[in-house]
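Novice: This is a predicted model, with the sequence first.
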Amino acid sequence: MTRVFPALDITRRGAIVTLAAGLAACASPNPTLYTLATVPGDVRPGAPRTVEMRSIALARYLERSQIVRSSEDYRLDVMNNEWWGEPLDTMLSRVLIQNLTQRLPGTTVFSENGAIATAADAILGINIQRLDMDRAGQVVLIAQVSISRRDTMTRSFTINVTPAAATTPALVGAMSTAVGRLSDDIVGMLVTPAGR
């Protein structure tokens, strides 16, 4: 003879529902995704007709999905639930190409990793050594840039931008402004005659 204990069955079902609800409460919410924006600049003629941008080299601490708020005081302040919407090196390449194209009429700027394959008049290389906030709350962008034509010109740039507020959108906006200013500096190099 089989004995049924309905109260025990209901209790077991209730425990399973409670456990499932508890696990759902412990799960992290979906991250908020951000992207850098293009920033318009002054139009300057006189650059080479075709410019190939090499893959951007990032400092390794920036190679992560999470946005790095700061690298001060020997530690990384990483925003765990606020991520870049695409790999940062790819996003920087895309935004820089758009910025440069807007600033350089008559110049085609393309990525070495894209579908265009042609002999370029100039090769652009960029190392990003820092892109985060300092103790004073300013975004700091440190970059090394090289332009190769008949010879190679290299320069280092440090750009500081103060975010408009203490929020992630303001931080990303300040980073976009810093990348826009770097674009202006690169344009200055590209319109400088080779050898100067």
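Specialist: Sure, I can see it.
Novice: Where does pLDDT dip in the chain?
Specialist: 1-28, 193-196 (pLDDT under 70).
Novice: ok, which stretches of it are strands?
Specialist: 32-34, 50-53, 57-58, 66-70, 77-84, 108-111, 122-133, 139-148, 152-161 (DSSP state E).
Novice: which other helices and strands contact the third one?
Specialist: The one in question is strand 57-58. Under the contact definition 3 or more CB pairs under 8 Å, 6 or more residues apart in numbering; DSSP states H and E, strand 57-58 sits against helix 88-103, strand 122-133. Placement of C-beta: from N, CA and C, glycine included.
Novice: any idea how far residue 125 is from residue 147?
Specialist: Residue 125 sits 8 Å away from residue 147, going by CB to CB, to the nearest Å.
Novice: Neighbour count: the two, which is higher?
Specialist: residue 147 (21 against 18; other CB atoms under 10 Å).
Novice: dump the residue contacts of that one.
Specialist: Counting by CB atoms under 8 Å, 6 or more residues apart in numbering, residue 147 touches 122, 123, 124, 153, 154, 186, 189, 190.
Novice: Likewise for residue 79?
Specialist: With CB under 8 Å, 6+ apart, residue 79 has these contacts: 66, 67, 68, 69, 168.
Novice: Pull the longest helix anywhere in the chain out as CSV, backbone CA atoms only.
Specialist: In the chain, with assignment by DSSP state H, the single longest helix is helix 168-190. Provided in CSV are the C-alpha atoms of helix 168-190 (Å, rounded to 0.1, in the frame of the first residue of the first chain):
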residue,chain,number,x,y,z
THR,A,168,29.7,57.0,-16.5
PRO,A,169,28.0,58.7,-19.5
ALA,A,170,30.0,61.9,-18.6
LEU,A,171,33.2,59.8,-18.3
VAL,A,172,32.7,58.2,-21.7
GLY,A,173,31.8,61.6,-23.1
ALA,A,174,35.2,63.0,-21.8
MET,A,175,37.0,60.0,-23.3
SER,A,176,35.3,60.7,-26.6
THR,A,177,36.4,64.4,-26.4
ALA,A,178,40.0,63.2,-25.7
VAL,A,179,40.0,60.9,-28.7
GLY,A,180,38.7,63.9,-30.8
ARG,A,181,41.6,66.0,-29.6
LEU,A,182,44.0,63.2,-30.5
SER,A,183,42.4,63.1,-33.9
ASP,A,184,43.2,66.8,-34.3
ASP,A,185,46.8,66.1,-33.3
ILE,A,186,47.0,63.3,-35.9
VAL,A,187,45.6,65.6,-38.6
GLY,A,188,48.4,68.1,-37.7
MET,A,189,50.9,65.4,-38.3
LEU,A,190,49.3,64.2,-41.6
